[in-house]
Every structure is written in C-alpha cells, then in structure tokens.
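# Below are the sequence and a predicted model for it; my questions follow.
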Amino acid sequence: FGYGLTYGEAVIKKVWCEKQATYEQASAEGIVLNVTVENLTDWTLEEVVQVYVKVQGSEFEVLNSKLAAFERVALHGKEEKTLQVEVPKKAFFTIDEEGNSIADGTGAKVLVGFGQPDARTYELTGKKVEVIEL
C-alpha cells in the first residue's frame with residue numbers, strides 16, 4: 001500500500017550492534033545491526049526493515065537521512081525473528097565540494113524502522129523508528 005501499510009501488524013522489538021560501535025569504527029568498517037521483529041497477527045506477512053543514516057557534525061551531509069541498508073523478512077503468525085543487517089562503511093560518508101567521499105562527521109544517527117524516518121510515515125503508520133547514536 002505504500003508507506004509500510006499492510007493488513008498485518010509487525011513491530012521492531014529491539015535493535016543493537018554486535019559490538020560497541022563508534023562513528024570512527026563505522027566509517028572504517030561498517031556495522032552489523034541485530035534487529036528483532038515480531039508479527040503480532042495470526043497470519044503470515046512480509047515486511048522490509050529499513051536502515052537510514054544521518055551523519056552528525058558534517059557541513060556536507062544531506063538534509064534528510066539516507067537509506068543505508070534494508071532486509072526483507074517473512075514472518076508466520078505470531079513469529080519473532082532476529083535479523084542481521086549489514087550497514088556498509090560508505091553509509092557513514094559524505095560527499096565534499098570536489099566530489100570526494102569523506103568521513104568528516106563527529107557522529108551518526110542510525111534509524112531503523114519499516115519506513116522512512118519522517119513525520120508523514122509516522123502519521124500514516126503510527127510507528128516510530130528505533131535510533132542508535134554513534
């Protein structure tokens with residue numbers, strides 16, 4: 001239906017990094033997120049876990065968070081799964097005025113949800129994103 005609207009109801013229960021991550025590590029190696037999702041309904045459904053990144057402290061970062069990774073998941077009724085989602089190091093880079101990819105931020109917000117981390121998506125779905133600060 002667009003904007004993550006479905007006949008079912010899935011939720012993100014928990015998001016965490018395997019190891020304690022910093023912005024410097026993320027921009028050098030990328031990160032692996034663990035995302036636990038649960039189907040609250042009795043029927044099978046599919047959702048797309050979306051990961052967005054917003055670099056903090058860079059004059060070159062774009063206005064909105066950028067899509068960095070995604071993973072489709074199928075869930076049977078009342079099923080819970082934990083996914084591993086790899087976020088590549090390039091997601092933590094910006095592009096300078098000469099077109100070079102650089103890691104010039106002071107930190108980053110990693111936003112995980114079933115849609116874009118914006119007011120319109122929240123208005124339509126009622127679902128907030130989970131945020132990890134690096």
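Received, thanks.
# how about the strands in the chain?
10-17, 31-39, 45-56, 66-75, 80-87, 94-95, 101-102, 107-113, 130-133 (DSSP state E).
# per-residue pLDDT, Arg120?
Looking at Arg120, its pLDDT is 88.
# for the one 3 residues further on, same thing?
At Glu123, the predicted lDDT confidence score is 88.
# How many residues are close by it?
By the measure other Cβ atoms under 10 Å, the count of residues near Glu123 is 9. Placement of C-beta: from N, CA and C, glycine included.
# tell me which helix or strand of the chain sits lowest on mean pLDDT?
Of all helical and strand segments in the chain, the minimum by mean pLDDT, DSSP states H and E falls on helix 119-125, at a mean of 87.
# CA atoms only for it - export them in PDB, please.
Output in PDB follows, covering the C-alpha atoms of helix 119-125 (Å, rounded to 0.1, in the frame of the first residue of the first chain):
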ATOM      1  CA  ALA A 119       6.600  12.700  10.000                       C
ATOM      2  CA  ARG A 120       4.400  11.600   7.100                       C
ATOM      3  CA  THR A 121       5.400   7.900   7.600                       C
ATOM      4  CA  TYR A 122       4.700   8.200  11.300                       C
ATOM      5  CA  GLU A 123       1.300   9.900  10.600                       C
ATOM      6  CA  LEU A 124       0.200   7.000   8.300                       C
ATOM      7  CA  THR A 125       1.700   4.000  10.200                       C
END
